[in-house]
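Trainee: kindly return the folded structure for what I paste below:
(one chain, ligands or ions: 1)
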Amino acid sequence: VMKLSLIKVVNGCRLGKIQNLGKAGDCTMDVPGCLLYTRTGSAPHLTQHTLHNVHGVPAMTQLTLSSLAQHHEVLAEYKKGVGNFIGMPESLFYCSLHDPVSPCPTGYVTNKVLQKSVIIGVIEGGDVMEERLRSARETAKRPVGGFLLDGFHANPAVTETRLRLLSSVTAELPEDKPRLICGISRPDEVLECIERGVDLFESFFPYQVTERGCALTFTFDCQLNPEETLLQQNGIQEEVKYVDQIKKIKTTGCSEEMTSFEISLKEKKYQEDFNPLVRGCSCYCCKNHTRAYIHHLLVTNELLAGVLLMIHNFEHYFKFFCSIREALKNDTLAQLKELIHRQVS
Ligand SMILES: [Zn+2]
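Mentor: Model prediction:
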């Protein structure tokens, strides 16, 4: 049976390992962590071979029930399972009802593929404390492998009230089962939720960033001195003018607009910028290409732009989660949080 072993809890933040995962029960997954975001079973823009070259890919892949249902007859005929079908035989799968990026039709819940799976209990109740607590207590009584915290992402995304609600809900849940939150993927919001006892997140944020022609450039390296930080972000001060624009976006609640964690490679100023997306980044894109090249690919509508940005954005995002676990280990999460929040505005 899937089980979460906590290694350490610091101010509500949980560092641990989910054990007994997979068919043989021999897989593990570190938390806090994220799932690999996919579209109809595959990482957006990437072939399996390309995905293998991304460092730190999560052990668990997120599928949506609707995509599984669409392939249901083919899968039944194929007989070797969805993992082999999409070319990811070793991956663990988390099947969600909805794709966080695009809404999908309902009514597919009779799928036989899911019968042997661990069931994740969904905690509902909107913004009503009483209802949330009732949902948490009742779900905790049932034989579920973990919990999905649903509906904490509706506009406006993360408010103080909602964070308080989140703390109260997680306090009702057993410690040894993982808590996954859906719809929250932005770095600053991820940290807020980890402090309230959340273990797992979706990774649709790097995909959204890719789709708008942007690259994640935020820093999460607390070891760098301020000067180096500035150098690494390279031009973040020029981005300050966007902050006002971003604030406006935040108040209108539109999460698909650019954030201060990224740069837009479509901008003309990158036309002759021969730096990598992020200095010191170990990803394939940063090791081989420049911002100028990505700019060129974007303005000429080359599909390779999406591929290279996806490689970088996934790797950058997965490394961010790695840095969260490291910070928890080393008791430096407060510094990391400060560093991230300094980049929000
Ligand atoms: Zn990179």
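Trainee: who in the chain is up against the ion?
Mentor: Residues of the chain lying close to the ion by C-beta under 5 Å from the ion are 281, 283, 286, 312. The C-beta positions use only the backbone N, C-alpha and C, and glycine is treated the same way.
Trainee: can you count the residues close to the residue lying closest to the last one once chain neighbours are set aside?
Mentor: Spelled out, it's residue 312. Of all residues not flanking residue 312 in the chain, residue 285 sits nearest, at 4.3 Å (C-beta to C-beta, 6 or more residues apart in numbering). For residue 285, the neighbour count with other C-beta atoms under 10 Å is 25.
Trainee: ok, residues contacting the strand or helix carrying residue 285?
Mentor: Here residue 285, judged by DSSP states H and E, is contained in helix 284-288. With C-beta atoms under 8 Å, 6 or more residues apart in numbering as the contact definition, helix 284-288 has outside contacts at 50, 53-54, 276-279, 281, 294, 308-309, 311-312.
Trainee: recalculate using a threshold of 10 Å.
Mentor: Contacts made with helix 284-288 from outside it, assessed by C-beta atoms under 10 Å, 6 or more residues apart in numbering, are listed as 50, 53-55, 215, 275-281, 293-294, 304, 307-313, 315-316.
Trainee: buried ones in stretch 205-219, by neighbour count?
Mentor: Across stretch 205-219, burial judged by 16 or more other C-beta atoms under 10 Å covers 205-211, 213-219.
Trainee: how about the residues you listed in TSV, adding distance to residue 181 and secondary structure?
Mentor: Shown next, in TSV, are the buried residues of stretch 205-219 (distance: C-beta to C-beta, whole Å; DSSP: H, G, I helix; E, B strand; the rest coil):
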residue	distance to residue 181	secondary structure
205	13	helix
206	17	helix
207	17	helix
208	17	helix
209	19	helix
210	22	helix
211	22	helix
213	27	coil
214	23	strand
215	25	strand
216	20	strand
217	25	coil
218	20	coil
219	24	coil
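Trainee: now, which of those sits nearest the ion?
Mentor: Closest approach to the ion among the buried residues of stretch 205-219 (C-beta to the ion): residue 215, at 7.6 Å.
Trainee: let me know the distance separating that closest one from residue 293.
Mentor: 12 Å (C-beta to C-beta, to the nearest Å).
Trainee: and residue 268, by the same measure?
Mentor: Distance of residue 268 to residue 293, computed by C-beta to C-beta: 15 Å.
Trainee: who has more neighbours, the two?
Mentor: For residue 268 and residue 293, the more surrounded residue by other C-beta under 10 Å is residue 293, and the numbers stand at 20 against 8.
Trainee: can you show me the helices along the stretch 1-150 of the chain?
Mentor: For the stretch 1-150 of the chain, the helices defined by DSSP state H, counting those that start in this stretch occupy 48-52, 65-70, 72-78, 81-85, 129-141.
Trainee: what is the second one packed up against?
Mentor: Read that as helix 65-70. Other helices and strands packing on helix 65-70, by 3 or more C-beta pairs under 10 Å, 6 or more residues apart in numbering; DSSP states H and E, are strand 92-96.
Trainee: what do you get for the longest one?
Mentor: Using 3+ C-beta pairs under 10 Å, 6+ apart as the contact criterion, the elements in contact with helix 129-141 are strand 120-123, strand 146-149, helix 160-171.
Trainee: JSON lines for the ones you listed, including distance to residue 13 and mean neighbour count?
Mentor: Converted to JSON lines, the helices and strands packed on helix 129-141 look like this (distance: least, C-beta to C-beta, whole Å; neighbours: other C-beta atoms under 10 Å):
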{"stretch": "strand 120-123", "distance to residue 13": "19", "mean neighbour count": "21"}
{"stretch": "strand 146-149", "distance to residue 13": "16", "mean neighbour count": "24"}
{"stretch": "helix 160-171", "distance to residue 13": "11", "mean neighbour count": "16"}
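Trainee: return a PyMOL selection command for the buried portion of the contacts of helix 284-288.
Mentor: Command for PyMOL that selects the buried part of the contacts of helix 284-288, burial taken from 16+ other C-beta under 10 Å:
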select buried, resi 54+215+276+277+278+281+293+294+307+308+309+310+311+312+313+315+316
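Trainee: all good on my end, thank you.
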